[in-house]
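S.K.: sequence and predicted structure, then a few things I'm wondering about:
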Amino acid sequence: RSTIDVTLQESVTGLDEVVVVGYGTQQKKDVTGSVAMVDADQMNSRPNTQMGALIEGKAAGVQVLSSSGKPSQGFSIRIRGTNSITAGSEPLYVVDGVPTTDTRSINPADIQSISILKDASSAAIYGAQGANGVVLITTYKGTSDRPTVKLDVYNGFSQVWRTLPVLNGEQYRDLMTEMGKNTDWSLYNHNTDWQKEIFQNGRSQNYQLSVSGKSNKTSYYMSGGWVEQVGAVRSAQMNRYNFKINLDQEVNKWLTVGTRMAYSVYSDVDVNDNQGVDKGGVLLGALTTPPVIGIYNPDGTFTSNPFQNWENPIASTDGSNRKYKSQRVLGNVYAKIDFLKGFSFKANLGIDDRNDIYDYFLDPFLTSYGRALNGQGINNTNKTSYYIWDNTLTFNKTLGSHKIEALAGSVIQEFYWENAHIETRNFSGNGVQTTNGGSEMIAASSDKAKKRNTSFLGRVNYSFKDKYLLTVNFRADASSVFGPDNRWGYFPSSSIGWRISQEPFMQDLSFLDDLKLRAGWGVVGNDQITNYAWFGRVGSGANYPIGGSTMPGTYPSSVENRNLKWEQSEQTNVGLDFMAFRGRIQFSADVYIRNTSDLLLNAPLPRSTGFDSAIQNVGKLQNKGLEFNLTTVNVKKAINWSTNFNISFNRNKVVDLVGQEIFAGTITNRGDASLVKEGLPLGTLFGYVWGGVDPQTGSAYYIAKDGTSTFTPSADDRVVIGDANPKFIYGMTNDISYKSLSLSIFLQGSQGNDMLNASRMETEGMTGPQNQSTAVLRRWRQPGDQTDIPKASWGSYDNSRISSRFIEDGSYLRLKTVTLSYQLPKTLTEKVKMQNVKVYATGENLWTLTNYSGFDPEVNAFGTQNTAKGIDYGTYPQTRNIIFGLNITF
Amino acid sequence: CDNYLDLTPISEETSSIAYSTANQIEAALTGAYETFQSSDYYVWDQILLEDVRTDNDYAGGDNPEIFAIDLFNITPTNSRVLGWWSSLYNGILKANTVLDRIQDVTDPKLTDERRQQIKGEALFLRALHYYNLAKNWGGVPLVLESTTTTDPGKIQLPRATEAEVYAQILKDLDEAAKLLPDTYGRDATVNKARATAGAAYALAAKACAQEPAHNYAKALEYIAKVEASTANYRLLDSYADLFDGNHYNNAESILEVQYTGGSEGNWAPQMMLPPSLSGDTWRKFVVPSHNLIDAYDAEGDVVRKNASVIFEKVTDWVDEYWGNAKGSSIPFAYKMKNAMGWASTDRLYILRYGDIVLLKAEALNETGDLTDAAAEVNKIRARVNLAPLTAAQTATKDALRTAILNERRLELAQEGQRWDDLKRHNLVVSTMNNLQEIDLRTGQPTQYNVTEAKTLLPIPQQELDRNPQLVQNPL
C-alpha cells in the first residue's frame, strides 16, 4: 500500500473559525458584539474590480451604495443606516491595521477576508473613528510550505440594460412648432439616435498573478495585477495596476517582524452626468438632444440644438480630455515581542501616501465654450500623507475555567493634505494640452492642511467556563479639529455573551451546535468634519485690483466655536446566534438602536449673518433596526446546495434639529427636492402634490396645503412626497455544485424606497428646445383633452415642478450575479502539475425586476450625500456585464 | 501630548490673529471690495433687476429664473433672490469685520490718516450694500457688527423699517464722507477703485432721492459737495469713450468695479454680447426692447444708441420679439463691448458723474427750480449732439420730470438704474402694464400684470426658514 488516505475531520460547525476584530482575532464562538465576516470562499464567486462588490448583499445591515455605474465610481457603505447629517457617514476601513478612507485602489484579489464591526461594542475600540462602523480588511498571507502560484484572468463586456424611447425628428418638430418655435427645418434632416451614439459596448479585462508560501520562519505573499475597464458610456474608463508584498519573519522565539505593502497606480476618465443638457450632462444630453442634428458640423465642430446652443452630448465626452491618475502606497511594518508568559507587545507603523493628478484640456476649436476661452487647461495635484503609529500590549491567561485576555495601547495619527491648482487659457491649438500651452494664467494656487488624533485604548475579554462571556472596551480620543476645551472624548463599551448551548440543561438537544445570546452597549464618536473646524477661519483669495495691481484680500470664512466637540453615537445591540445539525443551519438575529447626539451639524444660519452655515453640536438622530442572517446547507450529497439569505430593516429618524429645517438636493431651475426635518428620516423627498392636468387650459394643477387645487402653489404648499429609505434590503446567494460544476446565483434587492425621477422633469417637462420622451405624445393640446401630461410651456417650469408626479417606486430585485464554473478534473490538472484549474462565466445585473421607469434604480445624483438620496437626474446607470474567466493554481 | 494636537491652519488665518497688522486690515478691506466681483448682484444681476425687469430689455437666454425676473414672476424660492440677499449681507459682514477689528490694530505702520480712511471705506461699502438691500426689499435686518456667534437670540434679527435702513445708510455715509479724502493722490486707478468723499456724497444724494420720503433738498446739498470735490468730476467730452473699454478710471467715473482681465476678469460681457463679439453661439441675455430702441430713435439719439446697443443677424437661435425666425437682426446690450473669453476688462460704473448731473436736474425740478434743472439736462444732451429740451418739455414740473426720466433712460440704459427711476416716481406699475411688446409667436403683447406688491422683492424662502423673526413682503 503506497498511499494512505487521511481525511482530516473538518471543524464541522465553524465555531472555531477565526474572526478578525479590532486589534486582534477571536474565535467565532467567543464573539459578543455584532460582527459580520465575509471570507475568501464567498468572494471567489464573483469577479470584482472593487472591494465594495465583495460584501454587497453578503452581510445583513450593510448597505453598499454605488451612486452610479461608472467604472470610476467608488462605492459607499452605510452600516445600519446613516448616522450623521452633515458629518461623514462612511465606515472606517482598516487595511491590515492601517485606517483609510479611499478604497478605490485596493485590489480585491489580495483580500483574504473582510470583517464588519457593526455595533458599538465591537467598534468602540476604534472610538472616535468607529461611529459609522468599521470594515477590517485582511490581505493574504502565505501558509503552505509549497509555494502556491495563482493566476486569475478574466475578460468581460458591459452594456446599459435599458434605453428610453424619445421623440423622433418629426415628433420633435411638431412639439417645437406647437411652442411657437420656427426654423428652417430643411437644415435639420439628420436622424441621430443619441443613445446609440453615447452608449457603447464596454469592455473589461483583469489579470492577477500571485505567489505565496512559507519556508522556515518566513511567510510571504506577492502579487501583481492589472485591471482595465472601458465603460458602457462613451469615453468612461478605469485602469489600475496593483503590486503587493506581505512578509512575516519570525526572528527568534520572542520576536516577529513583518510588513504589508501595497503600491497601486489608478487612473480613470469620468463623464459628466447628473446635469441637464444645458450644462453638458451626457446622459440627459443623450435623451434631450433632438435627433434632427448630426454629430459634427461641416467644419468639424460639434452641432447644437437648432434653437439654443446646447451642444450634442458627444461634445461633452469628446470635446475635452479628462484624466485622473493616482499613485498610492499603503502599508505597514510591525514588530511583535512575546515576553514573560502570556504577554505580547506589538508596535505598528502604517502609512498611506497618495499622489493624485487631474489633467483637463478643453479643445480650443471643437466646442463653443472652448472657442470662447480659446482652449482651457487645468492641472490639479493633490498629495495626501498619512501615518499611524500604534503600540499595544496584550495579555492572555487561562486559569481553570477562567479565561482572560487584556489589551492596552496608544495610537497617534496624522493626516496631511497638499493641493495645487493651475488653470490657463488661450491655447494655439490642441498640440500641447498641458497648462504650459495656454498664454493666459487664470489660477495658480496651492494650499495645505493637517489633522492629528491621539488615543488611548483598553479592552478586557473574559470568559467563564466557555459559557459566560464579557468584553469591556474603553477608548479616549483627542482630535485637533475640536477646541482646546473639548478635545478629548471618552468612549466606553461593554458586551456580554451567554452560550446557552453549553448549559447542562441544553445538552440533551443533540442537534444543537451552538446557541448564544449577545447583548452590548457602547458609545462611539465622529470627528469627520472640516479641518480646523473650531477656529474662526479667515480665508485668502478675496483679491481685488486697486491701483492697477491685484491686492491680497481676506474674508471671514467661519465662526469660531470653542465648544465644538465630538458627535456621539450610543448604541445598544441584542443578538442571537443559533447553529444546528453540525452547522447545516446557521441563523443569527440582531436588534439594535443607535442614538446619535451632539450632531456635528453644518447648521444653516440666517444669511444676514454673512455666513451660510456653521458647524455646531446640535441635534439628535436615531437609527434602529433588525437584521437576520440564515445560512443553510440544503443538500449535501452528490449535489451540494447551500443558501445564504440576509435581510435587514433600518428605520432612521431625525429626532431633534433645534427646530431647523435643512433643504438639499437642488434640481436645476426647480428648487430643493430633499428636506431634513425633525420627525422625518434622512432622505425625505419633498415637493408639491400633483393634482393633474386641467382639461380646459392644459396646465398642471397642484393640491395646496388647504386642500384646494391651484395652478400656482406657493413654497408653503410643499410637503413630504416620498421616502428614499428602503423598508428593507436583502440578499440571497445560492451555491450549487455537482462534481466539477458549480453554479452561484446571487440575488439582491431593495424594497419600499421611493425615487424622484428628476430626469423625467427634463424629458417630459416641455420647457424648452430639449427633445422629450415619447410620454409627451400624450400631452394636452386642446381644450377638453383628458391626459396626464400637461401642455408644452416654453420657459415655464410651473407644469413640471418637483411633485409627486415624478415620484416612483424604486424597489428592485436584481439578479446581481450568476456564475457558472467548471473545475478541470484533478486527474487532468495533476498531469500538468497544477492544483486547480477553473473556468467560469459570470453575468452581472442580467435581470432586474423593478417598476422604476428610468435607466436604473440603483443610482443617486447626489452621490453619498446624507441629505439627498433617491434622486435620479441623468445619472450614469448600472450596467449589465458578461465576464469570462480562468483561475489557475499551481 | 496636547501640543501635538495644537494645530493651526496652514493655508488660512484665524480670526484671533488675522487682523493684527496694518497690512492685514488692508487685506480685510480689499476682501470687502472684492464683493464687487464675487457677488453676481454687482457683476451683472443688477442689470437684470434694473433693466430686464423694466421696459428697457427682455431676458433672452435660456434661464427660467431670469425669465421670471423679466415677467414679474419672482418667487421666494428663486435662487437668484437668495443669491443677491446673501452676497449683499456677506459684503456687509466683511465691512463690519473691518470696522470691528480696526479698533484693535496697534501696528504703528497704520497711520492715523489711513486708519480714518479705512473706516470710511468700510462704512461706505456697508452703506452701499444696505442701499441695494433697501431699494429692493424695503426694510431689512440691520446688522452693524460682525457675526461672532451662532446664538439664535443674537442672529435672528427682525426687519428694521425702510426708513430706519435709509437713516443708517445716511448716517454711515455722513461719517464716511468726513473720514474719506477727495482723492488718494493722483493715481486714477486708486481714486476710482476706493471709496472717496465724493463717492459717499454721490451715494448719499442717490439715497436721499430714493428713500420713501424723497428728500430732494438734502440730495442737492450732497450733490453740491460732489461738485465741490477736489477730485474734479466732470462729464467726458465723448459719451462713447465711457464705454469703449479704453477709458476706464476717467474723470466722469466716481467709483467703478475694477476688472483687469485674467483671474480678475469680468464674465458678464460674455452673457450679453453677440456671437461675432463673444466667439460663441448660444442665446444671449439682456435683449433691448422695441420700446427702448424706439426711445432712442424718437430722440434721434444716435450717439447713445450706438454706444448702448448693437444689432446683429443671428442664425443660431430665434428671438420671439425681434423675429421669430433664423437670420433675424436682434439687438444686444452693448455697454460692455469686449467678451475676452469670460475674463473681460470691461466694467460697470457704480457711481458715474453723468448720473449725478441728471439726479441734480431731477432734484432741482422737484424743488421748483425748473430753469436750472433744464440747464443740467442740456449739458447731458449737448454732449451727445442733441438739441436742448424744448419749451414744452420745460414748461411744467410734470413735463420736465418726464423729460428728465427719459433722458436718464437713454443716458443710463443697461447701467442698472432704470427700475429705481420708475420706482422713485411710482411709475413701475403703469409703465409695465402699458408696455406693448409683441410676442411674435402669438402676435399678442406680453402681459406683465404688475401689482404694487411686486415692486418689492420677496424675502428669500430659505431666509424665512432660517430666521423666524422675518415677515414676508406682500407677494
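M.R.: Yep, it's here. Numbering: from 1, shown residues only, chains lettered A, B, ... in the order given.
S.K.: use CA for all of it now, contacts and neighbours both
M.R.: Fine.
S.K.: what's A:Asp612 in contact with, if anything?
M.R.: A:604-606 (Cα atoms under 8 Å, 6 or more residues apart in numbering or on different chains).
S.K.: with just CA atoms, put the least confident helix or strand in chain B by mean pLDDT into PDB.
M.R.: The helix or strand of chain B with the poorest confidence is helix B:2-5; it has a mean of 81 (mean pLDDT, DSSP states H and E). Extracted as PDB, the C-alpha positions of helix B:2-5 are listed here (Å, rounded to 0.1, in the frame of the first residue of the first chain):
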ATOM      1  CA  ASP B   2      -1.800  68.400  23.800                       C
ATOM      2  CA  ASN B   3       1.000  70.200  22.000                       C
ATOM      3  CA  TYR B   4       0.800  67.500  19.400                       C
ATOM      4  CA  LEU B   5      -2.900  68.400  18.800                       C
END
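S.K.: buried stuff in it?
M.R.: Judged by neighbour count (16 or more other Cα atoms under 10 Å in any protein chain shown), helix B:2-5 contains these buried residues: B:Leu5.
S.K.: then stretch A:290-302?
M.R.: A:290-295, A:301-302.
S.K.: surely B:Arg53 touches B:Ile74?
M.R.: No: using Cα atoms under 8 Å, B:Arg53 is not in contact with B:Ile74; the gap is 10.3 Å.
S.K.: now whichever strand or helix holds A:Val211: buried residues?
M.R.: Mapping A:Val211 onto the secondary structure by DSSP states H and E places it in strand A:202-215. Across strand A:202-215, burial judged by 16+ other Cα under 10 Å covers A:202-214.
S.K.: can you say which two of those residues are spatially most distant?
M.R.: A:Gly202 and A:Lys214 (40.2 Å; Cα to Cα).
S.K.: partners of A:Thr394 in the sheet?
M.R.: A:Thr394 has these beta-bridge partners by DSSP bridges: A:Ser344, A:Leu407.
S.K.: pLDDT score for it?
M.R.: Note on A:Thr394: pLDDT of 95.
S.K.: and it, what does it touch?
M.R.: Contacts of A:Thr394 by Cα under 8 Å, 6+ apart are A:342-345, A:405-408.
S.K.: about what we covered before: elements contacting the least confident helix or strand of chain B?
M.R.: strand A:438-464 (3 or more Cα pairs under 8 Å, 6 or more residues apart in numbering or on different chains; DSSP states H and E).
S.K.: and the helix or strand just after the strand it packs on, does that touch chain B?
M.R.: The helix or strand immediately downstream of strand A:438-464 is strand A:468-479, counting by DSSP H and E. Yes: using Cα under 8 Å from any Cα of the partner chain, we find that strand A:468-479 touches chain B at A:478-479.
S.K.: what angle do strand A:468-479 and strand A:438-464 make?
M.R.: 150 degrees (axes from the mean of the first three to the mean of the last three Cα atoms, to 10 degrees).
S.K.: state the mean pLDDT of strand A:468-479.
M.R.: Rounded mean pLDDT across strand A:468-479 is 93.
S.K.: secondary structure element for A:Gln571?
M.R.: Residue-wise, A:Gln571 maps onto strand A:567-580 under DSSP H and E.
S.K.: who's in contact with the least confident helix or strand of chain B?
M.R.: Helix B:2-5 is contacted from outside by A:452-454, A:478-480, using Cα under 8 Å, 6+ apart.
S.K.: circling back to that earlier point, near chain B too, which of the contacts of A:Asp612?
M.R.: A:604-606.
S.K.: buried subset of the residues you listed?
M.R.: A:604-606.
S.K.: so which of those residues belong to strands?
M.R.: Among those, the ones falling in strands (DSSP state E) are A:Pro604.
S.K.: give the contact list for residue 253.
M.R.: I went with chain A, as the question did not name one. Contacts of A:Lys253 by Cα under 8 Å, 6+ apart are A:Asp338.
S.K.: that's the other chain; I wanted chain B
M.R.: B:192, B:233, B:349, B:351-353.
S.K.: who in the stretch 201-350 of chain A is up against chain B?
M.R.: A:306-310.
S.K.: got those as CSV, with secondary structure columns?
M.R.: Converted to CSV, these look like this (DSSP: H, G, I helix; E, B strand; the rest coil):
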residue, secondary structure
A:Pro306, coil
A:Phe307, coil
A:Gln308, coil
A:Asn309, coil
A:Trp310, coil
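S.K.: give me the below-cutoff pLDDT ranges for chain A.
M.R.: A:1-14, A:43-48 (pLDDT under 70).
S.K.: what number of residues lie near B:Val105?
M.R.: Residues within reach of B:Val105, counting by other Cα atoms under 10 Å in any protein chain shown, total 16.
S.K.: circling back: and the contacts of A:Asp612, which is closest to chain B?
M.R.: A:Pro606 (5.1 Å; Cα to the nearest Cα).
S.K.: show me what from the stretch 751-890 of chain A comes close to chain B.
M.R.: A:795-797.
S.K.: nearest to chain B, of those residues?
M.R.: Once Cα to the nearest Cα is applied, the member of these that ends up nearest chain B is A:Gly795, at 5.6 Å.
S.K.: returning to what we had before: what's the first helix or strand after the least confident helix or strand of chain B?
M.R.: Next in sequence after helix B:2-5, counting helices and strands by DSSP H and E, comes strand B:13-14.
S.K.: what's the mean pLDDT across that next one?
M.R.: 95.
S.K.: and the helices in the stretch 51-200 of chain B, which stretches?
M.R.: Per DSSP state H, counting those that start in this stretch, the stretch 51-200 of chain B carries helices over the ranges B:64-70, B:79-101, B:112-137, B:152-155, B:162-179, B:188-191, B:197-210.
S.K.: what's the neighbour count on the nearest residue to B:Ser289 once chain neighbours are set aside?
M.R.: Nearest residue to B:Ser289, sequence neighbours excluded (Cα to Cα, 6 or more residues apart in numbering or on different chains): B:Asp57, at 4.7 Å. Neighbour count for B:Asp57, taken as other Cα under 10 Å: 27.
S.K.: tell me which residues touch B:Asp57, please.
M.R.: Neighbours of B:Asp57 in contact, by Cα under 8 Å, 6+ apart: B:51, B:286-289, B:292.
S.K.: go with 7 Å
M.R.: B:51, B:286-289 (Cα atoms under 7 Å, 6 or more residues apart in numbering or on different chains).
S.K.: which of the contacts of A:Thr394 count as buried?
M.R.: A:343-345, A:405-408.
S.K.: nearest to B:Gln37, of these?
M.R.: When the buried ones among the contacts of A:Thr394 are compared against B:Gln37 (criterion: Cα to Cα), the nearest one is A:Ala408, at 56.2 Å.
S.K.: for the closest one, give its distance to A:Thr394.
M.R.: Distance, A:Ala408 to A:Thr394, by Cα to Cα, to the nearest Å: 7 Å.
S.K.: briefly note if the biggest helix by length in chain A comes near chain B.
M.R.: Using DSSP state H to define each element, chain A has its longest helix at helix A:169-178. No: against chain B, helix A:169-178 shows no contacts by Cα under 7 Å from any Cα of the partner chain, the least distance being 9.7 Å.
S.K.: and that helix, C-alpha only, in PDB?
M.R.: The C-alpha trace of helix A:169-178 is given here as PDB (Å, rounded to 0.1, in the frame of the first residue of the first chain):
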ATOM      1  CA  GLY A 169     -37.400  64.100 -35.700                       C
ATOM      2  CA  GLU A 170     -40.900  64.700 -36.900                       C
ATOM      3  CA  GLN A 171     -42.500  64.500 -33.500                       C
ATOM      4  CA  TYR A 172     -39.800  66.900 -32.200                       C
ATOM      5  CA  ARG A 173     -40.600  69.300 -35.000                       C
ATOM      6  CA  ASP A 174     -44.300  69.100 -34.100                       C
ATOM      7  CA  LEU A 175     -43.600  69.900 -30.500                       C
ATOM      8  CA  MET A 176     -41.300  72.900 -31.300                       C
ATOM      9  CA  THR A 177     -43.900  74.200 -33.700                       C
ATOM     10  CA  GLU A 178     -46.600  73.900 -31.000                       C
END
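S.K.: just the buried positions in it, please.
M.R.: Here helix A:169-178 shows A:169, A:171-173, A:175-176, A:178 as buried, counting by 16+ other Cα under 10 Å.
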